[in-house]
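Student: Just to be clear, the model below is a prediction. Sequence and coordinates:
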Amino acid sequence: MSDLVRRDAVIVGGGPAGSTLARALARSGASVTVLDQRNFPRDKTCAGWITPAVIGSLGLDLEKYRRRGHVLQPIHGFRVARMGDRPVHNDHGAEPVSYGIRRCEFDHFLLARSGAELRTGAPIESMERAGSDWIVNGALRTPLLVGAGGHFCPVARALGADLGRGEAVVGAQEFEVQMTPEQAARSSVRGDTPQLYFCPDLAGYAWVVRKGNWLNVGIGRRNPRELGEHMDHFLAGMVREGVLDPELARSRAKGHAYLLYPDAARPLIAEGALLVGDAAGLAYPESGEGIRPAVESALLAAEAIRACNGQYTAGRLQAYSEKIQDRFGDRRVQASAPAPNANPLKQFAASLLMRTRWFTREFVTRRWFLHEHVAPLPCPAPLVGA
Ligand SMILES: Cc1cc2nc3c(=O)[nH]c(=O)nc-3n(C[C@H](O)[C@H](O)[C@H](O)COP(=O)(O)OP(=O)(O)OC[C@H]3O[C@@H](n4cnc5c(N)ncnc54)[C@H](O)[C@@H]3O)c2cc1C
């Protein structure tokens, strides 16, 4: 035990939640290690769409990001439809309302700039309590262990989350492929205008998002049963309507699961530990957007951690739970079945509303997807830039 390395915090997971918290703590002088089971750059199943709020909270220098040669697709509008109907096109003007990024590039960029010690390709093998400290992988000793390992985070499990059993998850399938120059030239999908298609039972939606010559196509549903069939049905429709090249539609999709905030019943804190991002189950319920909640939870955690002055009792960390509740609202205290699908009357009303410019623009995009009604969490001054 004597050759244990002591750290002020050990963060498990180097996605947007883990890297944002690592950076915030490292910039305030803390010694931080981030452990991730994968080597970076690594893929993450995600449409890779981020709002200006995320860029602001991260203090991201877009020019620097672009100069690295990373894909940064400005988004100016959306095409929205109920599956099978003609999409309504909404133009949101000259200023980008979102950006398309590739997660392998974005997450690597954020982690590399964090200033933390990185141990990648290093899955968590053990975490034990030793007095008021944690011993992680028999190598690191820390008073603060952070679970930022995404939906299947081992720290969340250790804190009592009922991973994969009693939880009402969103199931998703997706592929991201690079189009050949010929496919790109033929494609009717515009990079500045993602396409969103809602399932008729309103249990989820599918998307076609182009980022430069990369095409990201997927579906997410509150009830993951028969997800593969829903994806196949959607792809067949896209090919029929000429949106997708048949060859691209045959790309191999990957699956993933995660929790929407109101459905998540995970603990946020314990003695000497807390959860951020998907590990805590924070994604927005209407859109499934999870990067913004991941980044915001990390900034809120950093504030709460600093106020603890090194004493990470559950009582002191409670301030973090309160900040999350103030920011995201109430959540379930017990895991339960997914919410039932919308009744036929709601489905009918939605089918009419989805054909209108007013509803698709004001509700679907501006409120549900862009979350414009929630002011961004500002990036703390010492973290701005880079
Ligand atoms: C199909 C799909 C599409 C999505 N599209 C969008 C979108 O367009 N926009 C958006 O905002 N959100 C989207 N989301 C949600 C978003 O991807 C997540 O909310 C976001 O990645 C959460 O970030 P995080 O840092 O909490 O976790 P993650 O990004 O999942 O990072 C967790 C990290 O922990 C590591 N890890 C896991 N287990 C261990 C272990 N045992 N030991 C060590 N390390 C471990 C992983 O390797 C990973 O690097 C989408 C999700 C899905 C499934």
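Tutor: Cool, the structure landed.
Student: quick one: contacts for the spatially most central residue of the chain?
Tutor: The centre of the chain sits closest to G290, judged by CA atoms, centre = their mean, with a distance of 2.9 Å. By CB atoms under 8 Å, 6 or more residues apart in numbering, the residues touching G290 are Y258, G277, D278, L282, A283, Y284. C-betas here are computed from N, CA, C, even on glycine.
Student: so which of the residues you listed comes closest to the ligand?
Tutor: Nearest to the ligand among these is G277, at 2.2 Å by CB to the nearest ligand atom.
Student: Quick check: the gap between the residue nearest to that closest one when sequence neighbours are not counted and the ligand.
Tutor: Residue nearest to G277 in three dimensions, not counting chain neighbours: A17, with 2.7 Å by CB to CB, 6 or more residues apart in numbering. Separation of A17 from the ligand (CB to the nearest ligand atom, to the nearest Å): 3 Å.
Student: Same question for N39.
Tutor: Distance of N39 to the ligand, computed by CB to the nearest ligand atom: 9 Å.
Student: Extract the residue ranges of this structure that are flagged as low pLDDT.
Tutor: 1-2, 333-340, 385-386 (pLDDT under 70).
Student: okay if I get the contacts of G290 as a markdown table plus distance to H89 and secondary structure?
Tutor: Below are the contacts of G290 laid out as a markdown table (distance: CB to CB, whole Å; DSSP: H, G, I helix; E, B strand; the rest coil):
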| residue | distance to H89 | secondary structure |
| --- | --- | --- |
| Y258 | 29 | strand |
| G277 | 33 | helix |
| D278 | 32 | helix |
| L282 | 31 | coil |
| A283 | 27 | strand |
| Y284 | 24 | coil |
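Student: the strands in the stretch 251-386 of the chain, which residues?
Tutor: Secondary structure of the stretch 251-386 of the chain (DSSP state E, counting those that start in this stretch): strands at 254-258, 269-270, 273-275.
Student: will you turn those into JSON lines that also has distance to the ligand and mean neighbour count?
Tutor: Shown next, in JSON lines, are these (distance: least, CB to the nearest ligand atom, whole Å; neighbours: other CB atoms under 10 Å):
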{"stretch": "strand 254-258", "distance to the ligand": "4", "mean neighbour count": "18"}
{"stretch": "strand 269-270", "distance to the ligand": "16", "mean neighbour count": "21"}
{"stretch": "strand 273-275", "distance to the ligand": "9", "mean neighbour count": "29"}
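Student: Show me the one of these that comes nearest S132.
Tutor: Across the strands of the stretch 251-386 of the chain, S132 has its closest neighbour in strand 273-275 (11.3 Å, CB to CB).
Student: Note down every partner strand of that closest one and its orientation.
Tutor: strand 145-147 (parallel), strand 269-270 (antiparallel) (DSSP bridges).
Student: can you tell me how far the nearest residue to M127 once chain neighbours are set aside sits from L4?
Tutor: Of all residues not flanking M127 in the chain, V136 sits nearest, at 5.2 Å (CB to CB, 6+ apart). Distance of V136 to L4, given as CB to CB, to the nearest Å: 9 Å.
Student: so what sits against both of these two?
Tutor: Going by CB under 8 Å, 6+ apart, no residue sits against V136 while also sitting against L4.
Student: With neighbour numbers in mind, choose between those two.
Tutor: The neighbour count for V136 versus L4, taken as other CB atoms under 10 Å, is higher for V136 (25 against 15).
Student: give me the beta-bridge partners of that one?
Tutor: Note on V136: beta-bridge partners by DSSP bridges are M127, L140.
Student: if I pick it, what's in contact with it?
Tutor: Contact analysis of V136 by CB under 8 Å, 6+ apart lists V10, V12, L35, I124, S126, M127, T142, L145.
Student: can we see that at 10 Å?
Tutor: Counting by CB atoms under 10 Å, 6 or more residues apart in numbering, V136 makes contact with 4-5, 7, 10, 12, 33, 35, 119, 122, 124-128, 142, 145, 155.
Student: With distance to V80 added, can I get the strands paired with strand 273-275 in a markdown table?
Tutor: Output for the strands paired with strand 273-275, formatted as a markdown table (distance: least, CB to CB, whole Å):
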| stretch | distance to V80 |
| --- | --- |
| strand 145-147 | 35 |
| strand 269-270 | 38 |
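Student: My guess is V88 contacts F198. True?
Tutor: No - contact criterion CB atoms under 10 Å: V88 and F198 do not qualify, at 11.5 Å.
Student: who touches both of these two?
Tutor: Common contacts of V88 and F198, defined by CB under 10 Å, 6+ apart, comprise V80, A81, R82, M354, T360, V364.
Student: Can you report how many residues neighbour the fifth one?
Tutor: Counted with other CB under 10 Å, the burial measure for T360 works out to 23 neighbours.
Student: ok, what's across the strand from the spatially closest residue to it that is not a sequence neighbour?
Tutor: Counting by CB to CB, 6+ apart, T360 lies nearest to V80, which is 4.1 Å off, once chain neighbours are set aside. On the basis of DSSP bridges, V80 is bridged to V88, L196.
Student: for V80, what are its contacts?
Tutor: 87-90, 194-198, 205, 354-355, 357, 359-361, 363-365, 369.
Student: One more pass at 6 Å, please.
Tutor: Contact analysis of V80 by CB atoms under 6 Å, 6 or more residues apart in numbering lists V88, L196, T360, V364.
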